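**Q** This is a predicted model, with the sequence first.
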Amino acid sequence: MTAEFARIGVAFERVEGIDARARPDLDQMPQKVLYTKRLRLTGGEIACLLSHRACWMMIAGGDDPYVAIFEDDVVFSDEAGALLGHAGWIPADADIVKLETFFRKTMIGRKRIVADDRFSLSRLYTDHTGTGGYIISKQTARDLIEASKEIRVAVDDLVFNPTFPILPRKTIYQLVPALCAQDHLLGDRAIGLPSLLKEPRDVQWAAIEAAGKPRKTVAGRMKVELARVARHIVDFCRLRRQTIVPFGPSNAKE
């Protein structure tokens, strides 16, 4: 990560994360999990949440109105440095700006705010997995600290999933294209930074899939399809669009 920040010419402060391998007690921490298909968070997910919480506490006690947080397995686009060098492009009403992409469909606003000649911002309206890179305001850091007093969901669901209304309503923007992505998602562009969360998560979801899903009736399938069409119409009227956020201006194809 030192090499990545040096490559884009951005200074950074390292916050030592909590290593779940050195904290077997994390698996025994009390949880009030809100998920319907799984019972508990893994030790790695709890460690990740607490590591982000340590950053939020530093931000809440600091002087900066906005601070960017990056996990230690992200790769930056070549153009990231110019944008991260100042905060003048951040919308005045922004509580959170998501800087990464997880290469999954998400819902953003059709209206764009220009950040510079390569990046723009759109409101983020639905779940967009990952907390590999994001900017938060000082007040939002305080709210996140309060919202994470109890362990209920993984950190990316806490920050970016409106299905779990733990965090007070926030104005969240998505940077388009994204200026960073987690290394394990980049295929032949990856530089070899490991993710310690991916394997335990994959095991959990494989177990959930193995349990199987109840077969839907014809009426059930029709109901799902009608709901999907209705949501599409509503989103169109609300000037929203579904998209996969691209990574880096040089790779953006919208």
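**A** Good, I have the coordinates. Residues are numbered from 1 along each chain as shown.

**Q** got the end-to-end distance for stretch 87-107?
**A** By CA to CA, to the nearest Å, the extent of stretch 87-107 from end to end equals 25 Å.

**Q** any chance you could map the strands in the stretch 51-200 of the chain?
**A** Using DSSP state E, counting those that start in this stretch, the strands assigned to the stretch 51-200 of the chain run over residues 66-70, 74-76, 96-98, 105-109, 113-114, 120-123, 133-137, 172-176, 180-182.

**Q** Buried deepest among these, which one?
**A** strand 180-182 (a mean of 26; mean count of other CB atoms under 10 Å). Every residue, glycine included, has its C-beta placed from N, CA and C.

**Q** starting at the chain centroid, how far to it?
**A** How far strand 180-182 lies from its chain's middle: 10 Å, per CA atoms, centre = their mean, to the nearest Å.

**Q** For stretch 157-166, output the C-alpha coordinates as CSV.
**A** Only the C-alpha atoms of stretch 157-166 are listed here, as CSV (Å, rounded to 0.1, in the frame of the first residue of the first chain):
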residue,chain,number,x,y,z
ASP,A,157,-23.7,-3.1,5.1
LEU,A,158,-23.6,-0.6,7.9
VAL,A,159,-22.3,2.1,5.7
PHE,A,160,-23.7,1.3,2.2
ASN,A,161,-26.7,-0.9,2.6
PRO,A,162,-30.0,1.0,3.2
THR,A,163,-31.7,-2.4,3.8
PHE,A,164,-30.3,-2.1,7.4
PRO,A,165,-31.5,1.3,8.6
ILE,A,166,-29.0,1.5,11.5
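
**Q** who touches that stretch?
**A** 34, 49, 96, 98, 124-131, 134, 144, 147-148, 152-153, 167, 172 (CB atoms under 8 Å, 6 or more residues apart in numbering).

**Q** The same query, at a cut-off of 7 Å, please.
**A** Applying CB atoms under 7 Å, 6 or more residues apart in numbering, the contact partners of stretch 157-166 are 34, 96, 98, 126-128, 131, 134, 147-148, 152-153, 167.

**Q** Tell me, please, where in the stretch 151-254 of the chain the pLDDT is lower than the cut-off.
**A** Counting by pLDDT under 70, the stretch 151-254 of the chain shows low-confidence ranges at 194-216, 218-239, 250-254.

**Q** quick revisit: out of the contacts of stretch 157-166, which end up buried?
**A** Among the contacts of stretch 157-166, those buried by neighbour count (16 or more other CB atoms under 10 Å) are 96, 98, 127-128, 131, 134, 147-148, 152-153, 167.

**Q** Among those residues, which one sits closest to V10?
**A** Checking the buried ones among the contacts of stretch 157-166 against V10 with CB to CB, the nearest one is Y134 at 15.2 Å.

**Q** Need the nearest residue in space to the closest one, chain neighbours excluded.
**A** Computed as CB to CB, 6 or more residues apart in numbering, the closest residue to Y134 that is not its neighbour in sequence is K98, at 5.2 Å.

**Q** how much space is there between that neighbour and G44?
**A** 22 Å (CB to CB, to the nearest Å).

**Q** Likewise for D156?
**A** On the measure of CB to CB, D156 and G44 end up 13 Å apart.

**Q** same thing with A94?
**A** A94 sits at a distance of 30 Å from G44 (criterion: CB to CB).

**Q** which residues touch the residue nearest to Y134?
**A** Under the criterion of CB under 7 Å, 6+ apart, the contact list for K98 reads 124, 128, 134, 160, 172, 174-175.

**Q** for it, which residues make a bridge with it?
**A** In this entry, K98 is beta-bridged to Y134, Q174, by DSSP bridges.

**Q** pLDDT wise, what is it at?
**A** Model confidence at K98, given as pLDDT, is 97.

**Q** same question, the one 5 residues further on
**A** What the model reports as pLDDT for F103 is 95.
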